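Trainee: Turn this into a model:
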Amino acid sequence: MTTLTDAPTGATAATVTADVPWTQRLRSARVYVGALIVLVWGLGPFYWMVVTAFRDPAYTFENTPWPTHVTLENFRNAFDTSRGNDFGRAVTNSIIIGLATAALALLIGMLAAYALARLTFRGKTLVAGLVLSASMFPVVVLVTPLFQLFTDIGWIGHYQALIIPNISFVLPLTVYILASFFAELPWELEEAARIDGATRFQAFRLIMLPLAAPAVFTTAILAFIAAVNEYLLARLLSADSTEPVTVAIARFSGNDPLVQPYAAIMAAGTIVTVPLVIMVLLFQRRIISGLTAGGVKS
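Mentor: Numbers count the residues shown, from 1 in each chain. As a prediction, this is how the structure comes out:
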């Protein structure tokens, strides 16, 4: 009886032992296949842009998946001003617009987020809803009124016409991230500072703000990238002296006015994109920690 009873038990244990690794391997395979699909889908166009940027213009449309006929001529053409392009000035304009947008959005967003997370006042929920709803407006709806407004006050072609709209676009994201983070910070630290004689602003500046550094850093990067990538309003509100890289690349011209200089455009896109990719890779831990800091309660 013992032998008959033990045999099925041993077989069952062996079957379970054999099935568990197979299930785990299948689950791991699904994860890796999914990650590979996302990786190829996201980085495939970027890879092809870099390959084309280093390829001789005569072989721009060659479909070889690895670099061939490698040259740096496209990068020289990207910075060449003899054809009416001024890519160097456009890069400088994008940096100015991005830094100004990120700085002002952080300055306003930190104070607004702290108020929404820490203070109690009438209409708080309504204000939070209005801030969030502001991010849902499609940009194309705002093009005509902004163009009319900035034309009337003489701002068309100036930096402020590009910075102020960008601030309104990134400010809801700034408030949302920072308010979630401030809400999860321990109240005791702020209360201790207030008991020691600090004002509310001093407690915010000396205690809460240093603790919120990961979220602030994350928000600054996201705001900068969003400002640099904006195209629609920049195309209509900028002039030759203030156009950012998105507009400059879109209106690149070559030797033949009827032929797009695709290789030079790819080189310019590589120059703009690679530093942003490197920045995100270097600070990815801070970005992830800032985005997830207020999402999990301890």
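Trainee: residues touching residue 194, list them.
Mentor: For residue 194, the residues meeting the contact criterion (CB atoms under 8 Å, 6 or more residues apart in numbering) are 200, 203. Bear in mind the C-beta positions are built from the backbone N, C-alpha and C, glycine included.
Trainee: per-residue confidence at it?
Mentor: In the prediction, the pLDDT value recorded for residue 194 is 84.
Trainee: next helix or strand past whichever helix or strand it is part of?
Mentor: Under the assignment given by DSSP states H and E, the secondary-structure element containing residue 194 is helix 187-195. As assigned by DSSP H and E, the chain's next helix or strand after helix 187-195 is helix 200-203.
Trainee: Return, as residue ranges, the portions of this structure with sub-threshold pLDDT.
Mentor: Judged against pLDDT under 70, the low-scoring parts of the chain cover residues 1-20, 256, 286-287, 289-298.
Trainee: tell me, what residue is most central in it?
Mentor: A centroid search over the chain (CA atoms, centre = their mean) returns residue 222, at 4.0 Å, as the residue closest to the centre.
Trainee: pretty sure that one belongs to a helix, no?
Mentor: Yes. The assignment for residue 222, made by DSSP: H, G, I helix; E, B strand; the rest coil, places it in a helix.
Trainee: which non-adjacent residue is nearest it?
Mentor: If you skip the residues right next to it in sequence, residue 222 has residue 173 as its closest partner in space, 6.4 Å away by CB to CB, 6 or more residues apart in numbering.
Trainee: ok, that neighbour - contacts?
Mentor: Neighbours of residue 173 in contact, by CB under 8 Å, 6+ apart: 135, 219, 222-223, 226.
Trainee: what about burial for those residues, which qualify?
Mentor: 219, 222-223, 226 (16 or more other CB atoms under 10 Å).
Trainee: tell me which of these is nearest to residue 149?
Mentor: Out of those, the one with the shortest distance to residue 149 is residue 226. That distance is 21.5 Å, counting by CB to CB.
Trainee: residues in contact with the strand or helix carrying the closest one?
Mentor: Following DSSP H and E, one finds residue 226 within helix 213-229. Contacts to helix 213-229, defined as CB under 8 Å, 6+ apart, come from residues 94, 97-99, 101-102, 105-106, 109-110, 163, 166, 169-170, 173-174, 177-178, 181, 209, 244-246, 272, 276, 279-280, 283, 286-287, 289-291, 293-294.
Trainee: Those residues in strands, which ones?
Mentor: Filtering these for membership in strands, criterion DSSP state E, returns an empty set.
Trainee: and the helix holding residue 226, how far from the chain's centre?
Mentor: The offset between the C-alpha centroid of helix 213-229 and the centroid of the whole chain comes to 7 Å, using CA atoms, centre = their mean, to the nearest Å.
Trainee: now do stretch 273-285
Mentor: Computed by CA atoms, centre = their mean, the separation of stretch 273-285 from the middle of its chain amounts to 10 Å.
Trainee: In contact with the residue nearest to residue 109 when sequence neighbours are not counted, which residues are there?
Mentor: In this structure, residue 109 finds its nearest non-sequential neighbour in residue 174, 3.2 Å apart by CB to CB, 6+ apart. Contacts were defined as CB under 8 Å, 6+ apart; by that measure residue 174 touches 105-106, 108-110, 113, 219, 223.
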